[in-house]
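# model the structure of this input:
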Amino acid sequence: MPAPSSTLELLYTFAGFFILSNVFAVSSAIWFFPLDLMRISGFEVAVLCFLSPGLCSLGWIQKQCTRFYPFLLLLATAGPASFFAPTLALRLGLVSFAASTSLLAACGMLARQGSSGSLAAKGLSQGLLVLLVTRTACYSLNPLNLGAAPALVFTVLSAALALILMILDPQRRENLKSKALNEAHDHTAVSEGHHASSTTTEPTSTSRKTTPEPLPNSHQFPSRFSLGLALGSALFLIHTLAGDASVLARYTGLTAIPPLYASLLSCLCVAAGLARPVLQSLSIPRLILVALLVMSVQLAPPSSAFVAGLILLSNLSVLFHKYLHALSLLPPGGAALFLAMATYTALVFASVWTVAYNFVPYGELLRESTHLVFAVAAMLLILPASMLNQREPTPSATPQTKESSVDSSPRNRKAPQRPGILVIQVVTAVLVVIVALRIAAAVPVAPTLRNQKDSRLFSATIWTVHFGFDNRGWPNTLPARDFVRNFDSDIVGLLETDLSRPYLGSPDMVAMMAETLGYYSDYGPPTRDHTWGCALLSRFPILHTTHHLLPSPHGELAPALAATLDVAGTNVTVVVTHMGNEGDVLDRELQTKALGEILSNASGPAIFLGYMSGKPYTPNYRHLIEVGRMQDIEPLDRSRFCEFIFFRDLEKLTYCRISRGKLSDTEAQMAVFRLPVGPARSASKRTIGTAGIPDTHRCPAVFGEFGSGHVGEAGHRYHMATPVHYTYTDRES
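Numbering: from 1, shown residues only. Have a look, this model is predicted:
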């Protein structure tokens, strides 16, 4: 007995989840190689895996993909299993192989006869919602990159899904039945060509090989070319704006809404779009509105852009389902899917060029020009949509065999006018439960101050998270969270934090740390501003924040944020920034002047947590000290090159440097300060060692004690002649 359509829809939905997960994982697996070399690495050739659907242009391969798509899904378990690869190059190979076989499986699913093709289109599109809900449960992280245990679980689940599809596949059952009947009547074909010929000349045969249905209104139905362009554009926009459910708020810069609630709204909009009838007509004004929404996300003010993005996500999910459904109606759609993935790949590469223009050939052509990329994507997106408003073919449009008239008739071929939304309802209910559990599990902020007895004592730390990758190229999000937990710091400035791009995996490391460690947070400049990001975690309330794009005429845009914190009733300004590269001399000079003005205009106590790309006592260093009215935390430490901590109207108590280990390419620096009651005093003594130093003045013991040399990747320990403690002759107890 064939599996009911609701069961197949559920199975296809989870198949869509695994297929999209594998496809979206490729660009982030490639990214570390050019990041490590700071140039094109050659490993970018792995994107050729996206072109595997082109093989389905060959009829024999399309036939095998249609017949053995569960086996292809089984091979695609190489994606989650790649977490166990011993080297990054091998992992990239496994991820690319998984994406390639996933796309071939998608070609096979969409080419199924009867209603299976339409169910596959629905399942693939609903897989997007499952992906978003799963990532919401995982604090925006890719569930395939959470660690060894989750990777093993998803490997087993994806393999089990493939095996279940092998067993329950209705067309396989029909083929077996047909084969048995053919053998009983001695009509077994001796070759592929003979079999095809027999089905053409014997329309009453029980064989499944029937004449393909002609397309309805063929002069209006979109060509493979236009459909491929539109589907690729839709996939690019979905990956950019919904690679994770909370991306939209980060992308547009809307900080007024918590990331968890932004995720909830995005998921609900996608669910609402998927619940719409796939055959509903799209008017030309509505299509123009969709194009305007695409541009609004990039160009409108943050709140308007976020609202436009929510409406866009709903329409994108409609179009994604609509285009997949149209693809299932085309005779073998491998060529269209090939063009779709080529379009998706080209748009992703173009988005890389808009930000990494300083490290790619001809980068100046697309420098900070995401609006142009979005404009092209918008035009391609709506290109064939107006052609999809026709009806399906009538039963008399094509000769039918006795069996195909039951299973492959237009009535069974098309998706229902209003698709069953049971799966959508269940997934949405799971989403609500996940949001409630995350709210209940969130760590409260106020009770976790480092010094519970005296909030005037606090610590500040600066660290570079290396775009969410460790020094081997594996995701470092969870280890980075644990590293920050060990800081036990009240204020943390994080750099290279904007991961809200397709090729960076789209996780929200900042929100995940804030929610699980008990911090207020500010994400910094939005993704659409073309910076690599800087962020702030604070156990003190953030009263006000301003985001800045520092002058960068030659190199990459340098981000900065200036936040006003309520520290024991006193406003303290914290500036976090990542300046340009050492080679961009003019950029760093102009950026220093802008930062000096920001610091100079800030009244009262202030802290500077910055990546300066230079040594102490350079002209830029002196300008910040003099114009910004700041003091260096440790003027005697001349071995620093990148990170610096400056302060004003505070009393320094401790300074330390923590080795980077294998987690990042940059060390962490920490300082303990005291907010004075009156005017700030100068330290009277600089000491090494903890003798006579109160516990509340010390850096965390988890990193050891005094470290004299450079540790590098040999773990996380104090090094470079730190910690250093500062005492005062009339020190307060």
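# so Arg588 touches Met579, yeah?
Yes. With contact defined as CB atoms under 8 Å, Arg588 reaches Met579; the gap is 5.5 Å. For every residue, glycine as well, the C-beta is placed using N, CA and C.
# got any residues that touch both of the two?
Common neighbours of Arg588 and Met579, using CB atoms under 8 Å, 6 or more residues apart in numbering, are 612-613.
# ok, then the element right after the helix ranked longest in the chain?
Scanning the chain for the helix with the most residues, using DSSP state H, yields helix 5-37. Next along the chain after helix 5-37, taking DSSP states H and E as the criterion, comes helix 59-67.
# what's that next one packed up against?
On a contact count with 3 or more CB pairs under 8 Å, 6 or more residues apart in numbering; DSSP states H and E, helix 59-67 meets helix 88-110, helix 334-355.
# just so I know, which of those helices lies nearest Leu231?
Smallest distance to Leu231 across the helices and strands packed on helix 59-67 (CB to CB): 3.9 Å, for helix 334-355.
# just to be sure, Leu543 is in a strand?
Yes. With DSSP: H, G, I helix; E, B strand; the rest coil as the criterion, Leu543 is located in a strand.
# next, work out how far apart the residue nearest in space to the middle of the chain and Thr240 are.
The residue lying closest to the centre of the chain (CA atoms, centre = their mean) is Ser506, at 1.7 Å. According to CB to CB, to the nearest Å, Ser506 stands 9 Å off from Thr240.
# one more: Ser603?
40 Å.
# again with Phe24
Distance, Phe24 to Thr240, by CB to CB: 11 Å.
# one more: Val576?
26 Å.
# neighbour-wise, which of those two wins?
Val576 (28 against 24; other CB atoms under 10 Å).
# now the more buried one: which helix or strand?
Per DSSP H and E: Val576 is located in strand 570-578.
# which neighbours in the sheet does that strand have, and how are they oriented?
In the sheet, strand 570-578 lines up against strand 558-567 (antiparallel), strand 606-611 (parallel) (DSSP bridges).
# closest one to Ala342 among those?
With CB to CB as the measure, strand 558-567 is the member of these nearest Ala342 (32.9 Å).
# tell me the buried residues in the closest one?
558-565, 567 (16 or more other CB atoms under 10 Å).
# that older thread, sec struct for the residue nearest to the centre of the chain, please.
Secondary structure, three-state DSSP: Ser506 is coil.
# look up the closest residue to it, ignoring the ones flanking it.
The shortest distance from Ser506 to any residue other than its chain neighbours is 3.5 Å, reached at Gly243 (CB to CB, 6 or more residues apart in numbering).
# OK, contacts around the one you found?
Applying CB under 8 Å, 6+ apart to Gly243 gives the contacts 24, 500, 502, 505-506.
# what's the pLDDT at the residue nearest to Ala245 when sequence neighbours are not counted?
Closest residue to Ala245 apart from its sequence neighbours, by CB to CB, 6+ apart: Ser263 at 3.7 Å. At Ser263, the model reports a pLDDT of 95.
# now Pro212
42.
# would you say Asp244 is within a helix?
No. Judged by three-state DSSP, Asp244 forms no part of a helix; its state is coil.
# overlap of the contact sets of Ser506 and Thr240?
Contacts common to Ser506 and Thr240, judged by CB under 8 Å, 6+ apart, are Val247.
# and which of the buried residues of strand 558-567 is nearest to Val156?
Once CB to CB is applied, the member of those that ends up nearest Val156 is Pro559, at 41.3 Å.
# surely the closest one is in contact with Thr577?
Yes. Counting by CB under 8 Å, Thr577 is a contact partner of Pro559 at 6.8 Å.
# what sits in contact with each of these two?
Each of 534, 548, 550 lies in contact with both Pro559 and Thr577 under the rule CB under 8 Å, 6+ apart.
# would a markdown table of those residues with pLDDT and neighbour count be doable?
Shown next, in a markdown table, are the shared contacts of Pro559 and Thr577 (pLDDT from 0 to 100; neighbours: other CB atoms under 10 Å):
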| residue | pLDDT | neighbour count |
| --- | --- | --- |
| Cys534 | 97 | 31 |
| His548 | 96 | 20 |
| Leu550 | 95 | 23 |
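# tell me which of the residues you listed fall in strands.
Among those, the members falling in strands (DSSP state E) are 534, 548, 550.
# out of the residues you listed, which comes closest to Ala721?
Lowest distance from Ala721 to those (CB to CB) belongs to Cys534, with 27.6 Å.
# that closest one and Pro526: what is the separation?
Noted for Cys534: a distance of 12 Å to Pro526, by CB to CB.
# again, but for Ile633
With CB to CB as the criterion, Ile633 and Pro526 are 30 Å apart.
# same check, this time on Leu144
Counting by CB to CB, the gap from Leu144 to Pro526 is 27 Å.
# neighbour count winner among the two?
Legend: neighbour count by other CB under 10 Å for Leu144 and Pro526, higher for Leu144 (27 against 22).
# Phe24 is in contact with that one, correct?
No. Assessed by CB under 8 Å, Leu144 is found out of contact with Phe24, at 9.5 Å.
# okay, buried residues for the longest helix of the chain please.
Buried, per 16+ other CB under 10 Å, within helix 5-37: 5, 8-36.
# let me see the contact set for Thr101.
Residues near Thr101 by CB under 8 Å, 6+ apart: 52, 72-73, 75-76, 78.
# any chance of the strands paired with strand 570-578 in CSV, plus mean pLDDT and distance to Phe467?
What follows is those, written out as CSV (pLDDT from 0 to 100; distance: least, CB to CB, whole Å):
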stretch, mean pLDDT, distance to Phe467
strand 558-567, 96, 14
strand 606-611, 97, 14
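# want to throw those into TSV with distance to Phe483?
Below are the strands paired with strand 570-578 laid out as TSV (distance: least, CB to CB, whole Å):
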stretch	distance to Phe483
strand 558-567	21
strand 606-611	16
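# how many other residues sit next to the residue nearest to Arg648 when sequence neighbours are not counted?
Spatially, and ignoring its direct neighbours in sequence, Arg648 is nearest to Ala606 (4.5 Å; CB to CB, 6+ apart). A count of nearby residues for Ala606, using other CB under 10 Å, gives 24.
# now do Val432
13.
# give me the distance between it and Val426.
With distances taken as CB to CB, Val432 is found 11 Å from Val426.
# give me the three-state assignment for Arg472.
Using three-state DSSP, the structure places Arg472 in coil.
# quick one, phi psi at it?
Phi and psi for Arg472, reported as degrees, to the nearest 10, are phi -100, psi -10.
# what of Ala721?
phi 60, psi 40.
# what sits against it?
Applying CB under 8 Å, 6+ apart, we find Ala721 in contact with 637, 688, 706-708.
# for the helix or strand containing Leu586, packing partners?
Assigned by DSSP H and E, Leu586 belongs to helix 585-601. Counting contacts by 3+ CB pairs under 8 Å, 6+ apart, helix 585-601 packs against strand 542-550, strand 558-567, strand 570-578, strand 606-611, helix 619-627.
# ok, and for that helix, which residues are buried?
Going by neighbour count (16+ other CB under 10 Å), the buried part of helix 585-601 is 587-588, 590-596, 598-599.
# need those in CSV with pLDDT and distance to Val360, can you?
Below are the buried residues of helix 585-601 laid out as CSV (pLDDT from 0 to 100; distance: CB to CB, whole Å):
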residue, pLDDT, distance to Val360
Asp587, 92, 18
Arg588, 92, 21
Leu590, 95, 23
Gln591, 95, 22
Thr592, 95, 26
Lys593, 96, 28
Ala594, 96, 26
Leu595, 97, 27
Gly596, 96, 32
Ile598, 97, 30
Leu599, 97, 33
